[in-house]
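Undergrad: Below is the sequence, then the predicted model.
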Amino acid sequence: MALSPRDVTRLAAVDTTRAARMLSEVRSARLSGGRAPVAPRPVIEQSWDRMLRSGVDPEHDFRAGLLPLDEVRRRREASPLRHVLPVLREGLLSVADVAQHIMVVADDEGRLLWREGSAPVLRKADGLGFELGADWREEVVGTNGVGTPAITRRPVQVFASEHFVRSQATWTCAGAPISDPRSGRLLGVVDVSGPLTTMHPATLAWVDSVAKLAEARLRELHVRSLERLRAVAAPVLARLDGRALVTDRDGWTAAVTGMPYLDRVVLPGPPVAGRRWLPSLGDCTVEPLGEGWLVRAAEEPVPSGGVRVVLDLGQPRRWSVRVLGDAQAWTRGLSARHAELLYLLAVHRGGRSAAELAEDLFGDPARTVTVRAEMSRVRRYLGACLEHRPYRFCASAEVELVLPDDPRDLLPHSTAPTVTAHRAARPAP
């Protein structure tokens, strides 16, 4: 019998001790190869499988070295998450303190940068190594509310013995990823944790809602930064002839002249001044302007083919697409959804209709509106390399697909039926 997330939270809310005992039996049976009284939740079972493959010891607590406080401060100052701390504190801390929880904010490498909340719970967290500067990546300390959401790129609650490492079984945590709305890149994870007795069925939805408020705040700040850049760009573009635009450092457009408006262009990463080839514009001259870039397009037409596309899915959370053409190249990090879509197009070179992609992603061919919206976003930065009706890489593009060594690590966040089937079909090393 599969144990759903609702079953876990309901049972824990009614009888924490019984729920913890049952999950301990499930964990022991799963690790020993025996028959479990119930199946672990899919998100937990998949995490346990990753831990077994990577060699994490379920019986011994491994503590990686803490970052020095100077390095914690440096990371805090460099992290965009510092801008949303007021949102996280307002949404989480007032309730967390009363409920005997703590709030933890980690960066994209799983390092704990902020930790606030109930003083007694903070002291208990010290005993678990849940300290500032600690490394809570899943591959280091096992299934947990910081490292697992970072891998799956979705909210995850981990209760009692759902933690892979035994020493964490007295703890409960609920974490949600926070992504950069400009790039889709993972910025970090916000987590609410505490002793088993603090378990509540609504905790995960609460944390996820506050994480989404934080992302909304980041979008608001991005709009403001574009408005400031637009004020700098307007007089510069007014003096130019030909096609030109000004973008921020992530390629989001502040102003254009002599050409249709583009929401975003993909800049070489990291961009440097000089002559560059961009898939949406062709040969360009790129130069710094304020807190962004002035991009001046050459008058030659955009090349129509002869490019090489490298879709790199080999590293968890570090998916990217690299385009090489005319001796120039650019690279773009991919969001979880765009990584899925480009993978599907790479393995179906003949192309996929919107209905077929909807079936691949959701098991529902009727969800074409979502697919078309996402493919529209993909084509904004890969337009020179993609065709539509059906969606496919252009025939002249050479496509290289880089996959993880272990097929079970292919897009581990993905629940898309086709991706799940491909993970199961490829033989393990």
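TA: Received, thanks.
Undergrad: any low-confidence regions in the chain?
TA: Residues of the chain that meet the criterion pLDDT under 70 lie in 1-15, 97-98, 268-270, 279-280, 299-306, 325-329, 426-429.
Undergrad: Recalculate using a threshold of 50.
TA: 1, 5, 301-305, 327 (pLDDT under 50).
Undergrad: Helices along that one, start to end?
TA: 5-14, 16-32, 42-54, 69-78, 85-88, 94-98, 119-127, 138-141, 147-152, 203-238, 336-347, 354-362, 368-382, 417-425 (DSSP state H).
Undergrad: Need the winner for burial among those helices.
TA: Neighbour counts (mean count of other C-beta atoms under 10 Å) averaged over each of the helices of the chain peak at helix 147-152, with a mean of 26. Yep, even glycine has a C-beta here, placed from its N, CA and C like the rest.
Undergrad: Select, out of the helices of the chain, the one closest to Ala160.
TA: Closest approach to Ala160 among those (C-beta to C-beta): helix 16-32, 4.1 Å.
Undergrad: Centre of the chain to that closest one, how far?
TA: Relative to its chain's centre, helix 16-32 lies at 30 Å (C-alpha atoms, centre = their mean, to the nearest Å).
Undergrad: same thing with stretch 159-166?
TA: 23 Å.
Undergrad: now the end-to-end length of it.
TA: For stretch 159-166, the first-to-last residue distance is 12 Å (C-alpha to C-alpha, to the nearest Å).
Undergrad: closest one to His388 among the helices of the chain?
TA: For the helices of the chain, distance to His388 was read as C-beta to C-beta. The smallest value, 7.2 Å, belongs to helix 368-382.
Undergrad: that older thread, including distance to Pro407, could the helices of the chain go into TSV?
TA: Below are those laid out as TSV (distance: least, C-beta to C-beta, whole Å):
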stretch	distance to Pro407
helix 5-14	26
helix 16-32	21
helix 42-54	11
helix 69-78	34
helix 85-88	37
helix 94-98	40
helix 119-127	36
helix 138-141	17
helix 147-152	16
helix 203-238	29
helix 336-347	13
helix 354-362	17
helix 368-382	24
helix 417-425	6
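Undergrad: And those: which comes nearest Arg317?
TA: Arg317 lies closest, by C-beta to C-beta, to one member of the helices of the chain: helix 147-152, at 6.5 Å.
Undergrad: what's the closest of the helices of the chain to Arg392?
TA: Across these, Arg392 has its closest neighbour in helix 336-347 (6.0 Å, C-beta to C-beta).
Undergrad: Dump the closest one to CSV, keeping only the CA atoms.
TA: Extracted as CSV, the C-alpha positions of helix 336-347 are listed here (Å, rounded to 0.1, in the frame of the first residue of the first chain):
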residue,chain,number,x,y,z
ALA,A,336,13.5,22.4,-14.7
ARG,A,337,10.7,22.7,-17.2
HIS,A,338,12.8,23.9,-20.1
ALA,A,339,15.3,21.1,-19.4
GLU,A,340,12.4,18.6,-19.8
LEU,A,341,11.2,20.1,-23.0
LEU,A,342,14.6,20.3,-24.7
TYR,A,343,15.3,16.7,-23.6
LEU,A,344,12.1,15.6,-25.3
LEU,A,345,13.0,17.4,-28.5
ALA,A,346,16.5,16.0,-28.4
VAL,A,347,15.3,12.4,-28.3
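Undergrad: So which elements touch it?
TA: Contacts defined by 3 or more C-beta pairs under 8 Å, 6 or more residues apart in numbering; DSSP states H and E place helix 336-347 against strand 308-312, helix 354-362, helix 368-382, strand 392-393, strand 398-402, helix 417-425.
Undergrad: switch the cut-off to 10 Å
TA: The contact analysis (3 or more C-beta pairs under 10 Å, 6 or more residues apart in numbering; DSSP states H and E) places helix 336-347 against strand 308-312, strand 320-325, helix 354-362, helix 368-382, strand 392-393, strand 398-402, helix 417-425.
Undergrad: Leu278 is nearest to which of the helices of the chain?
TA: helix 368-382 (9.2 Å).
Undergrad: Output the closest one in PDB with nothing but the alpha carbons.
TA: Extracted in PDB, the C-alpha atoms of helix 368-382 (Å, rounded to 0.1, in the frame of the first residue of the first chain):
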ATOM      1  CA  THR A 368      -1.500  22.200 -25.000                       C
ATOM      2  CA  VAL A 369      -1.900  25.800 -23.700                       C
ATOM      3  CA  THR A 370       0.800  25.200 -21.000                       C
ATOM      4  CA  VAL A 371       3.100  23.600 -23.600                       C
ATOM      5  CA  ARG A 372       2.700  26.400 -26.100                       C
ATOM      6  CA  ALA A 373       3.400  29.000 -23.500                       C
ATOM      7  CA  GLU A 374       6.600  27.300 -22.300                       C
ATOM      8  CA  MET A 375       7.800  26.600 -25.900                       C
ATOM      9  CA  SER A 376       7.200  30.300 -26.700                       C
ATOM     10  CA  ARG A 377       9.600  31.100 -23.900                       C
ATOM     11  CA  VAL A 378      12.200  28.600 -25.100                       C
ATOM     12  CA  ARG A 379      12.000  29.900 -28.700                       C
ATOM     13  CA  ARG A 380      12.900  33.400 -27.400                       C
ATOM     14  CA  TYR A 381      16.400  32.300 -26.800                       C
ATOM     15  CA  LEU A 382      16.700  29.300 -29.100                       C
END
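Undergrad: so it versus strand 320-325, what angle?
TA: Helix 368-382 runs at 50 degrees relative to strand 320-325, counting by axes from the mean of the first three to the mean of the last three C-alpha atoms, to 10 degrees.
Undergrad: Out of the helices of the chain, the one nearest Arg276 is which?
TA: Minimum separation from Arg276 across those (C-beta to C-beta) falls at helix 368-382, 14.1 Å.
Undergrad: quick check: angle from that closest one to strand 308-312?
TA: Taking the same axes, to 10 degrees, helix 368-382 and strand 308-312 form an angle of 120 degrees between their directions.
Undergrad: before we move on, back to that, the helices of the chain: which one's closest to Arg264?
TA: In terms of C-beta to C-beta, the element of the helices of the chain nearest to Arg264 is helix 368-382, at 5.7 Å.
Undergrad: I figured Met103 hits Phe130, correct?
TA: No - counting by C-beta atoms under 10 Å, Met103 does not reach Phe130; the two are 11.6 Å apart.
Undergrad: what do these two both touch?
TA: Arg115, Asp191, Ser193 (C-beta atoms under 10 Å, 6 or more residues apart in numbering).
Undergrad: and which of those is nearest to Arg372?
TA: Lowest distance from Arg372 to the shared contacts of Met103 and Phe130 (C-beta to C-beta) belongs to Asp191, with 35.0 Å.
Undergrad: so how far is Arg275 from the spatially closest residue to that closest one that is not a sequence neighbour?
TA: Of all residues not flanking Asp191 in the chain, Gly175 sits nearest, at 3.7 Å (C-beta to C-beta, 6 or more residues apart in numbering). Going from Gly175 to Arg275 by C-beta to C-beta, to the nearest Å gives 44 Å.
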